[in-house]
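Enquirer: Fold the following.
(one chain, ligands or ions: 1)
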Amino acid sequence: METLHIIGGGMAGSEAAWQAAEAGVPVVLHEMRPAVGTFAHRTGQFAEMVCSNSFRSDDDERNAVGLLHWEMRAAKGLIMEMATAHRLPAGGALAVDRDPFAEAVTARLKSHPMISFSYEEVTELPSTGNWIIATGPLTSGKLAESIRAQTGADSLAFFDAIAPIVYAESVDMSVAWMQSRYDKGETVEEQTAYMNCPMDKAQYEAFIDALLAADKTVFHEGETAGYFDGCLPIEVMAERGRETLRFGPMKPVGLTNPHNPQKPYAVVQLRRDNKLGTLYNIVGFQTKMKYGAQVDVFKLIPGLQDASFARLGGIHRNTFINSPTLLDSQMRLKSRPNIRFAGQITGVEGYVESAAMGLLAGRMAAAELLGRDLLPPPPETAMGALITHITGGAEAKTFQPMNVNFGLFPPIDARGGRKGRKDRYKAYTDRAKEAFLGWIG
Ligand SMILES: Cc1cc2nc3c(=O)[nH]c(=O)nc-3n(C[C@H](O)[C@H](O)[C@H](O)COP(=O)(O)OP(=O)(O)OC[C@H]3O[C@@H](n4cnc5c(N)ncnc54)[C@H](O)[C@@H]3O)c2cc1C
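Expert: Below is the predicted model:
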């Protein structure tokens with residue numbers, strides 16, 4: 001039996017090692033800590049939670065991350081088992097006692113007869129053998145450079161410059177309209193690719209005031225190197241001059257508002273974020289505003305007054321590859337199929353999502369070594385929605401890391417409006433559970 005090598009003993013690598021070993025495949029887990037650290041990790045334990053101690057909602061009936069918990073438990077995931085064993089009281093959320101949790105994951109991995117360990121920094125993308133790269137958002141510099149050299153400069157990002165993402169159904173289309181600037185494009189679909197939200201002068205001034213006054217977060221020491229290249233936060237642009245945004249991402253040119261003959265003073269554009277057309281990102285709106293402040297400020301944009309956000313904006317140190325162009329549906333590098341990627345480096349975001357992608361990569365790699373086929377879970381499931389998103393569902397050009405959310409799932413009938421939303425979420429999770437049990441069976 002060939003050995004599976006996994007680089008990175010974080011959320012994804014730990015889960016991948018467990019899944020492959022449980023399937024009967026010998027695993028070597030390569031981890032650089034404690035000898036080489038990162039700015040966020042504190043210990044040498046596997047599956048260290050680097051910041052909050054929450055796995056977010058545990059509601060598997062009406063919440064997408066709660067559904068992901070359910071699927072990972074159904075798949076006998078080590079991370080979920082240990083998180084559940086070390087849960088702290090937190091209402092409907094799964095809060096975790098972080099140190100005992102990481103110690104328990106480490107102990108379980110260490111006691112597994114099929115897993116051995118190599119404590120070292122891997123500095124090159126390996127050329128032979130079977131590998132899973134699960135080195136996370138803080139992948140060490142040398143390995144990141146090697147990945148970049150093998151895959152191309154545009155295929156690896158060192159920062160998330162995340163524009164907020166809105167659920168399309170929550171935009172008020174009696175205010176906004178669909179149009180590409182100067183009606184560019186060959187087809188009607190291309191000519192109407194953007195949602196546009198118009199502002200008059202008073203609305204623009206009020207928006208700039210709110211932006212300048214909003215609470216912002218600060219960067220970690222050493223985190224900012226290089227981030228100013230082409231991804232300035234909107235509040236930094238506003239600080240450089242009240243008109244800067246009107247001549248940048250909010251320029252009102254090439255657009256005609258069908259609801260109002262008066263020319264808008266500024267326009268906020270939203271670009272389609274997934275093939276399903278359920279999610280739109282606000283173009284150029286990466287920001288370091290705190291989450292609460294973002295919601296208040298963005299709801300000042302006409303048309304977004306009732307918007308729901310699939311994710312809020314941010315700028316973080318985050319190493320991730322352009323998975324939609326680089327990976328096949330088995331999470332293998334198309335150019336080097338002996339190498340899989342898993343975890344946050346594939347462009348999912350969060351402890352749970354990263355562990356889930358580790359679970360899939362571990363199972364897929366094990367199946368391949370055992371001479372079996374393992375299809376990805378169906379897109380109606382939370383794991384299937386995530387892997388579909390990163391390996392083809394997302395737009396490659398604007399690819400940004402993503403938490404699991406119902407906007408990634410094939411839509412379910414939207415009738416019922418706001419009141420019907422809870423029932424609709426239940427319909428999503430019922431459909432997902434049935435599909436997941438079919439897959440796992
Ligand atoms: C500052 C910060 C705060 C965050 N806060 C949150 C939060 O509050 N909630 C949340 O859900 N997510 C948060 N995240 C995201 C979180 O890090 C990920 O969701 C999750 O840990 C990713 O899992 P992973 O397995 O992909 O990476 P990690 O858990 O980071 O594991 C990667 C592992 O690879 C190792 N490694 C790296 N390079 C090498 C190498 N060359 N050779 C050998 N080993 C290597 C690292 O030491 C690490 O152990 C945060 C991230 C950062 C950077």
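
Enquirer: Those residues of the protein touching the ligand, which are they?
Expert: 7-13, 30-33, 38, 40-41, 50-52, 121-122, 134-140, 143, 317, 343-345, 350-351, 354 (Cβ under 6 Å from any ligand atom). In this view, the C-beta of every residue, glycine as well, is placed from N, C-alpha and C.

Enquirer: burial measure for the residue of the stretch 101-250 of the chain found nearest the ligand, as a count.
Expert: As assessed by Cβ to the nearest ligand atom, the ligand sits closest to residue 136 within the stretch 101-250 of the chain, at 2.3 Å. For residue 136, the tally of surrounding residues (other Cβ atoms under 10 Å) stands at 26.

Enquirer: you'd agree it is up against residue 12?
Expert: Yes - the pair residue 136 / residue 12 is scored as a contact, 7.1 Å apart, by Cβ atoms under 8 Å.

Enquirer: Now do the contacts for residue 3.
Expert: By Cβ atoms under 8 Å, 6 or more residues apart in numbering, residue 3 lies in contact with 25, 26, 27, 28, 129, 130.

Enquirer: do that again at 10 Å, thanks
Expert: Residue 3 sits next to 20, 25, 26, 27, 28, 114, 116, 129, 130, 131, 369 when contact means Cβ atoms under 10 Å, 6 or more residues apart in numbering.

Enquirer: Run through the neighbouring helices and strands of the helix or strand the first one falls within.
Expert: In this structure, residue 20 is located in helix 11-22 according to DSSP states H and E. Using 3 or more Cβ pairs under 10 Å, 6 or more residues apart in numbering; DSSP states H and E as the contact criterion, the elements in contact with helix 11-22 are strand 4-7, strand 27-31, helix 78-85, helix 98-110, strand 115-119, strand 130-133, helix 351-369.

Enquirer: Of these, which is nearest residue 290?
Expert: Nearest of the helices and strands packed on helix 11-22 to residue 290, taken as Cβ to Cβ: helix 351-369 at 20.8 Å.

Enquirer: Between helix 98-110 and the closest one, find me the angle.
Expert: Helix 351-369 runs at 10 degrees relative to helix 98-110, counting by axes from the mean of the first three to the mean of the last three Cα atoms, to 10 degrees.

Enquirer: Between helix 11-22 and helix 351-369, find me the angle.
Expert: 30 degrees.

Enquirer: next structured bit after helix 351-369?
Expert: helix 382-388.

Enquirer: Tell me the helix or strand right after that next one.
Expert: Following helix 382-388 in sequence, per DSSP H and E, is helix 421-440.

Enquirer: Can you pull out the residues in contact with that following helix?
Expert: 59-64, 66-68, 70-71, 74-76, 169, 308, 363, 374-385, 406, 409-417, 420.

Enquirer: Would you mind putting the helices and strands packed on helix 11-22 into TSV with distance to residue 304 alongside?
Expert: Listed next are the helices and strands packed on helix 11-22 as TSV, based on distance: least, Cβ to Cβ, whole Å:
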stretch	distance to residue 304
strand 4-7	42
strand 27-31	44
helix 78-85	35
helix 98-110	36
strand 115-119	49
strand 130-133	38
helix 351-369	26
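
Enquirer: just to revisit the earlier point, relative to residue 16, how far out is the residue of the stretch 101-250 of the chain closest to the ligand?
Expert: Per Cβ to Cβ, to the nearest Å, residue 136 is found 12 Å from residue 16.

Enquirer: what residues are shared contacts of these two?
Expert: 8, 9, 342, 343.

Enquirer: Show me the chain divided up by domain.
Expert: Following automatic domain parsing, one gets these domains for the chain: 4-160+318-440, 165-312.

Enquirer: what about the first one, how long is it end to end?
Expert: Read that as domain 4-160+318-440. 22 Å (Cα to Cα, to the nearest Å).

Enquirer: from the middle of its chain, how far away would that domain be?
Expert: In terms of Cα atoms, centre = their mean, to the nearest Å, the centre of domain 4-160+318-440 is set 10 Å apart from its chain centre.

Enquirer: mind listing what the residue in the chain positioned nearest to the ligand touches?
Expert: Nearest residue of the chain to the ligand: residue 10, at 1.7 Å (Cβ to the nearest ligand atom). Residue 10 makes contacts with 31, 33, 38, 41, 46-50, 79, 134-138, 342-345, 351, 354-355, 358, as judged by Cβ under 10 Å, 6+ apart.

Enquirer: how far away is it from residue 19?
Expert: In terms of Cβ to Cβ, residue 10 sits 15 Å off from residue 19.

Enquirer: Residue 299 too?
Expert: 42 Å.

Enquirer: re the thing from before, ranking the domains of the chain by burial, who's on top?
Expert: domain 4-160+318-440 (a mean of 20; mean count of other Cβ atoms under 10 Å).

Enquirer: Give me the distance between the two termini of stretch 366-374.
Expert: 9 Å.
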